[in-house]
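# Requesting a structural model of the entry that follows:
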Amino acid sequence: MKIKKGDKVKIIAGKDKGKTGKVLQIFPSRNKASIEGLNLLIKHMRPRKQGEKGQRIEFPAPMDLSNMMLVCPKCNKPARIGFKYLEVTKAASAISEQSKKEKKKVRVCVKCKGVI
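Numbers count the residues shown, from 1 in each chain. Down below sits the predicted model:
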């Protein structure tokens, strides 16, 4: 998944087009994410007990991932995301003298080629 929790995204379609916000929650099975302060919906709650008042609750509704772009933290622009494998060497343990090389999958900004 190209967008993760805590990422800064820009909305490219919908009623909040052009606004930016932080991702609060991701729903991979539905291909959606909820963004802090954007795509707000109002839910009307009935009074549960006698004498209690009803209330309106505002909450950020999940939005499709195709309607948002990740903002690159390095170039600070909305950009498409690619993937790249980096070779990482793990430190040698006391028993084995050799260090192990592993490939780690990282996200890369297509514009500035910076690792996200």
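# What residues are bridge-paired with residue 20?
residue 10 (DSSP bridges).
# Residue ranges of each domain in the protein, please.
Domain assignment for the chain, taken from automatic domain parsing, gives 1-71, 74-116.
# could you dump these to a markdown table with mean pLDDT and mean neighbour count?
Just so you know, the C-beta spots here come from the backbone N, C-alpha and C atoms, and that holds for glycine as well. Below are those laid out as a markdown table (pLDDT from 0 to 100; neighbours: other C-beta atoms under 10 Å):
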| stretch | mean pLDDT | mean neighbour count |
| --- | --- | --- |
| domain 1-71 | 94 | 14 |
| domain 74-116 | 85 | 12 |
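# Let me see the ranges of the helices in this structure.
Under the criterion DSSP state H, the chain contains no helices.
# Could you pull out the strands in it for me?
Using DSSP state E, the strands of the chain run over residues 8-11, 20-27, 32-35, 40-45, 55-60, 63-64, 68-70, 81-90, 100-109.
# wait, which of the ones you listed is closest to residue 1?
Nearest of the strands of the chain to residue 1, taken as C-beta to C-beta: strand 20-27 at 6.9 Å.
# relative to strand 55-60, how tilted is that closest one?
100 degrees (axes from the mean of the first three to the mean of the last three C-alpha atoms, to 10 degrees).
# which other helices and strands contact strand 20-27?
With contacts taken as 3 or more C-beta pairs under 8 Å, 6 or more residues apart in numbering; DSSP states H and E, strand 20-27 sits against strand 8-11, strand 32-35.
# Does anything pack onto the first one? Which helices or strands?
Think strand 8-11. strand 20-27, strand 32-35, strand 68-70.
# I'd guessed residue 31 sits against residue 65; true?
Yes: between residue 31 and residue 65 there is a contact at 5.4 Å, judged by C-beta atoms under 8 Å.
# got the contact list for residue 3?
Counting by C-beta atoms under 8 Å, 6 or more residues apart in numbering, residue 3 makes contact with 9, 23, 26, 33, 65, 68, 70, 81.
# can you redo the helices and strands packed on strand 20-27 as JSON lines with distance to residue 61?
Shown next, in JSON lines, are the helices and strands packed on strand 20-27 (distance: least, C-beta to C-beta, whole Å):
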{"stretch": "strand 8-11", "distance to residue 61": "13"}
{"stretch": "strand 32-35", "distance to residue 61": "7"}
